[in-house]
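Q: after the sequence you'll find the predicted model.
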Amino acid sequence: VVRAVHTDDPAHDSAMLVMNCGHARFARPAVGSWVGYGLGSENKNLPGFVVLCRQKLPIKGAENWQAAFLPGKFQGSPVLTKDGAVAKPIDDLRSPAASAAEQKLQLDLLKEMDNTHAANRSDSRLEARIEGFELAARMQTEAGEAFEVAREPQHVRELYGDTSAGKQCLLARRLVERGVRFVQAYLGDWDHHSEIADGLKHSAGQVDQAIAGLLADLKRTGLLKDTLVVIGSEFGRTPTVDPASAGKKAGRDHNHRGFSVVLAGGGVKGGTAYGKTDDLGFAAVENKVHVHDLHATILHLLGLDHEKLTYRYAGRDFRLTDVSGTVVRGILS
């Protein structure tokens, strides 16, 4: 548990982009895009970076998993779990009309036309579009099975719980197991400006069993030692009361000066509490960890040097951690 994380901005939209992309004011690639760029894919029939959302997208939507100036194939692929129903998370995964033989002829023709169109053009967006369609075709052979959580034994599904978060976490394990490099799941609403006593209980109750089940299942399958799990948010909540309005009970406001992030597996030292906030829990004061430091540590645990993982764009070398970031070695096993 890293207890002294801090970030730059207390507003949702900018804080989300800092946590996901390292920067809020210019388009930068998401962590998952950088990881895919640095490590490549383990399964050519599934996206390397999958984002699991419930019925609606989070604040800032696709900007949270953008590839920005990296090649477009590294952008995250969002999957809406539609209130937990993940049996059909991707529309049109099966061709309703063409047989397999007919579809192969169609795809071969499409590839020939794409190659002709791209022959005299040098455009990364066009290349990404072609690669995206080719991936979509390959996904028909494997994605359907990967997303069918009903194939899991009953005792495994019960481990995660019959909630949207439970299905997302179980799906995350299935995707990691099949070589998806980076999976991100958005679990619930934690913006408790009012009614925090009831709201926090509800939100925590939605994810508690799901996260515990994920960690236990990763350990059971032997994946935990090679899989880094990061549990966090864009910022924390103040220790002071956010005055209630419209007859509602009080809650807590945004706090970007000191909050906690949990890491598990993947080379992290278990049973460790790192860093401290002040006596009120308002601001980080000891072993402070900026989001850039967190990103540097995540990349390090995945075998990547955050200072060397760069991409040349607009005349300079960009990286996830911008011009700062230090690996938090106190949490490494």
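A: Structure's in. What do you need? Numbering: from 1, shown residues only.

Q: with just CA atoms, put stretch 234-249 into CSV.
A: Provided in CSV are the C-alpha atoms of stretch 234-249 (Å, rounded to 0.1, in the frame of the first residue of the first chain):
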residue,chain,number,x,y,z
GLU,A,234,-7.2,9.7,-9.9
PHE,A,235,-7.0,11.2,-6.4
GLY,A,236,-8.3,10.7,-2.9
ARG,A,237,-10.8,12.4,-0.6
THR,A,238,-10.3,15.1,2.0
PRO,A,239,-10.3,14.4,5.7
THR,A,240,-12.6,17.4,6.1
VAL,A,241,-16.3,17.5,5.5
ASP,A,242,-17.7,18.6,2.2
PRO,A,243,-20.9,20.5,3.3
ALA,A,244,-24.0,18.7,2.2
SER,A,245,-26.5,20.4,0.0
ALA,A,246,-30.2,19.9,-0.9
GLY,A,247,-30.9,18.0,2.3
LYS,A,248,-28.2,15.4,1.7
LYS,A,249,-25.8,14.2,4.4
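
Q: that one: which residues count as buried?
A: E234, F235, G236, R237, T238, P239, D242 (16 or more other C-beta atoms under 10 Å). All C-beta atoms are positioned from the backbone trio N, CA, C, and that covers glycine.

Q: which of those residues fall in strands?
A: Mapping the buried residues of stretch 234-249 onto strands (DSSP state E) picks out G236, R237, T238, P239, D242.

Q: for those residues, give me JSON lines that also has distance to L332 and pLDDT.
A: Formatted as JSON lines, these follow (distance: C-beta to C-beta, whole Å; pLDDT from 0 to 100):
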{"residue": "G236", "distance to L332": "24", "pLDDT": "96"}
{"residue": "R237", "distance to L332": "28", "pLDDT": "95"}
{"residue": "T238", "distance to L332": "31", "pLDDT": "94"}
{"residue": "P239", "distance to L332": "30", "pLDDT": "93"}
{"residue": "D242", "distance to L332": "36", "pLDDT": "82"}
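
Q: all helices of the chain, in order?
A: Per DSSP state H, the chain carries helices over the ranges 12-21, 31-39, 100-118, 124-146, 154-160, 164-177, 196-221, 291-301.

Q: how far off centre is the fifth one?
A: When you say that, I think you mean helix 154-160. Once both centres are worked out by C-alpha atoms, centre = their mean, to the nearest Å, helix 154-160 turns out to sit 23 Å from its chain's centre.

Q: can you pull the poorly scored residue ranges out of the protein?
A: Of all residues in the chain, those with pLDDT under 70 make up the ranges 82-98, 244-246.

Q: number of residues surrounding R316?
A: Counted with other C-beta atoms under 10 Å, the neighbours of R316 add up to 8.

Q: equivalent analysis for the one 10 residues further on, please.
A: T326 is flanked by 13 other residues according to other C-beta under 10 Å.

Q: now K44, nearest residue through space, not along the chain?
A: Leaving aside its chain neighbours, K44 sits nearest to R138 (6.4 Å; criterion: C-beta to C-beta, 6 or more residues apart in numbering).

Q: burial of the nearest residue to T227 once chain neighbours are set aside, as a residue count?
A: Excluding the flanking residues, the one nearest T227 by C-beta to C-beta, 6+ apart is G265, at 5.1 Å. Neighbour count for G265, taken as other C-beta under 10 Å: 20.

Q: measure G265 to P243 for me?
A: Distance of G265 to P243, given as C-beta to C-beta, to the nearest Å: 40 Å.

Q: likewise T321?
A: The gap separating T321 from P243 is 37 Å, by C-beta to C-beta.

Q: cool, H306 as well?
A: 41 Å.

Q: cool, E112 as well?
A: Distance of E112 to P243, given as C-beta to C-beta: 65 Å.

Q: cool, L105 as well?
A: Distance, L105 to P243, using C-beta to C-beta: 66 Å.

Q: check contacts around N287.
A: A4, Y274, G275, K276, V328, G330 (C-beta atoms under 8 Å, 6 or more residues apart in numbering).

Q: I'd like the helices of the chain written out as a markdown table, with mean neighbour count and distance to A68 added.
A: Compiled in a markdown table, those are given as follows (neighbours: other C-beta atoms under 10 Å; distance: least, C-beta to C-beta, whole Å):
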| stretch | mean neighbour count | distance to A68 |
| --- | --- | --- |
| helix 12-21 | 21 | 7 |
| helix 31-39 | 24 | 7 |
| helix 100-118 | 12 | 22 |
| helix 124-146 | 16 | 11 |
| helix 154-160 | 15 | 33 |
| helix 164-177 | 23 | 23 |
| helix 196-221 | 17 | 29 |
| helix 291-301 | 23 | 15 |
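
Q: name the nearest residue to A67, sequence neighbours excluded.
A: Q75 (3.7 Å).

Q: again with V241
A: A250 (4.6 Å).

Q: hang on, the earlier thing: number of nearby residues for the residue nearest to A67?
A: Using other C-beta under 10 Å, Q75 has 24 neighbouring residues.
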